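K.L.:
3D, please:
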Amino acid sequence: MVIYTKRGDGGETSLYDKESRQNIRISKESLRIRVIGAIDEANSFLGVCASLSEDKKLNNLIIKIQENLFRIGAVLAGAKLRFSTSKTLVLEKEIDKLEGTLPVLKNFILPGGSPLAAHLQVARTIIRRAERELASLNQVESIKPEILSFINRLSDLLFMLARKINFEAKIREKVWKK
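P.N.:
Presented below is the predicted three-dimensional model:
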């Protein structure tokens, strides 16, 4: 199978349209494609994060997140897949566990620390951008609330994972001073 089709050379791509039940051509600069692209970028960057980690438990969590991001991308591209609220509950349980082990935050902190923590912070910002694009798309057409919640919670989890990595490495958080 050849990886290139040449069909996208003119700035359009194909998506499945649920209403007409057929593939349609849409501009690569469309809001929907920007959302799918931001989610894909976050997914790829999480792969970078996993490559920096030797923690099997963390890497397994990242893989599950990546699988969920692929599923979200597929749903946004028109696939008839479900996305369950339970996926967000998993993220919330992880966040709750982490909050119980980390110092309470009383100030904003600067992103950084270890290379892995810094990369998780970048992944968090990519997810935040995807969330903003998703919110814009939701203004035009209804997005499943389960997807909106998952993306919102994911950025929180990535923030907490970065804090955990730094905490375990005994790297002090740098407080933002006004």
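K.L.:
Which stretches in this structure count as helices?
P.N.:
Under the criterion DSSP state H, helices of the chain are mapped to 31-51, 56-76, 86-99, 115-140, 145-168.
K.L.:
And the fourth one, how far out from the chain middle?
P.N.:
If I follow you right, that is helix 115-140. Remark: helix 115-140 is offset 6 Å from the chain centroid, using CA atoms, centre = their mean, to the nearest Å.
K.L.:
Equivalent analysis for the last one, please.
P.N.:
In terms of CA atoms, centre = their mean, the centre of helix 145-168 is set 9 Å apart from its chain centre.
K.L.:
Show the average pLDDT along that helix.
P.N.:
Helix 145-168 shows a mean pLDDT of 97.
K.L.:
in this structure, which ranges drop under the pLDDT threshold?
P.N.:
2-21, 24-28 (pLDDT under 70).
K.L.:
So what would you say the end-to-end distance of stretch 43-60 is?
P.N.:
One end of stretch 43-60 sits 14 Å from the other (CA to CA, to the nearest Å).
K.L.:
Please compute how far that stretch lies from its chain's middle.
P.N.:
Centre-to-centre, stretch 43-60 and its host chain are 13 Å apart (CA atoms, centre = their mean).
K.L.:
Name the stretch among the helices of the chain that sits most buried.
P.N.:
Mean neighbour count (mean count of other CB atoms under 10 Å) peaks for helix 145-168 among the helices of the chain, with a mean of 21. Bear in mind the C-beta positions are built from the backbone N, C-alpha and C, glycine included.
K.L.:
Who's the closest spatial neighbour of the spatially most central residue of the chain, skipping the chain neighbours?
P.N.:
Nearest to the mean C-alpha position of the chain, by CA atoms, centre = their mean, lies residue 127 at 4.3 Å. Using CB to CB, 6 or more residues apart in numbering and skipping the chain neighbours, the partner closest in space to residue 127 is residue 155 (4.4 Å).
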